[in-house]
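**Q** Have a look at this prediction, sequence included:
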Amino acid sequence: MQASPKNNRNWQNLIGEFQHNSDRSVAILGTAYLQNYLGRLLSNFFISDSQNTNELLLQRGALSTFDTRIRAAYALGLISSNEFNDLLQIMHIHNIFLNELDISKFTDESLRQHCSQLRIPREILLPEETVTPRRLFVFAVALLSGQLIWRSEQAENEQRAAPENFILVDMEP
């Protein structure tokens with residue numbers, strides 16, 4: 001199954017935005033895209049009940065944060081263990097940029113360490129390619145975005161349905 005042309009354009013726009021922004025902006029923007037795509041993935045997998053889904057995913061909902069969306073998607077089997085790992089690393093990178101204002105570059109030690117733990121880009125990059133922490137981060141976000149878009153469309157075909165109402169039946173004559 002291929003992603004729709006609209007989603008492909010969104011993905012290309014994301015990559016274009018990364019080229020002209022600071023490291024901090026790239027981390028915050030990339031995380032926002034991934035959080036949104038995880039929300040779509042979960043929403044498409046949940047039963048068709050927009051009120052309940054919105055209560056879970058919108059502000060202050062149980063699944064409104066990046067962390068809870070990552071963990072829920074993994075617990076539901078919607079993302080792989082490598083995707084889970086990389087999403088957690090991206091979340092840590094995002095949090096460092098938000099909370100440690102003296103850190104502003106992917107080359108700072110704590111950020112470099114998290115970027116070096118990203119698995120998915122290392123599976124795809126060629127050995128002779130130049131690998132920088134920023135490049136690893138951008139590549140991971142791009143790959144995960146594309147994968148989450150595709151999985152979101154796939155989840156529509158696997159959408160859950162509520163079970164039939166329970167009826168207590170007297171089995172004895």
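**A** Structure's in. What do you need?
**Q** tell me which element the residue positioned nearest the centre of the chain is part of?
**A** Geometric centre of the chain, nearest residue: Leu34, 3.8 Å, by CA atoms, centre = their mean. Here Leu34 sits within helix 23-45, counting by DSSP states H and E.
**Q** can you give me the helices for the protein?
**A** For the chain, the helices defined by DSSP state H occupy 5-18, 23-45, 50-57, 66-75, 81-99, 109-116, 120-124, 133-157.
**Q** so which of these gets nearest Asn165?
**A** With CB to CB as the criterion, Asn165 lies closest to helix 50-57 of the helices of the chain, at 16.5 Å. The C-beta positions use only the backbone N, C-alpha and C, and glycine is treated the same way.
**Q** Give the other helices and strands that that closest one contacts.
**A** helix 23-45 (3 or more CB pairs under 8 Å, 6 or more residues apart in numbering; DSSP states H and E).
**Q** On the pLDDT front, check Asn10 for me.
**A** In this model, Asn10 is scored at 64, pLDDT.
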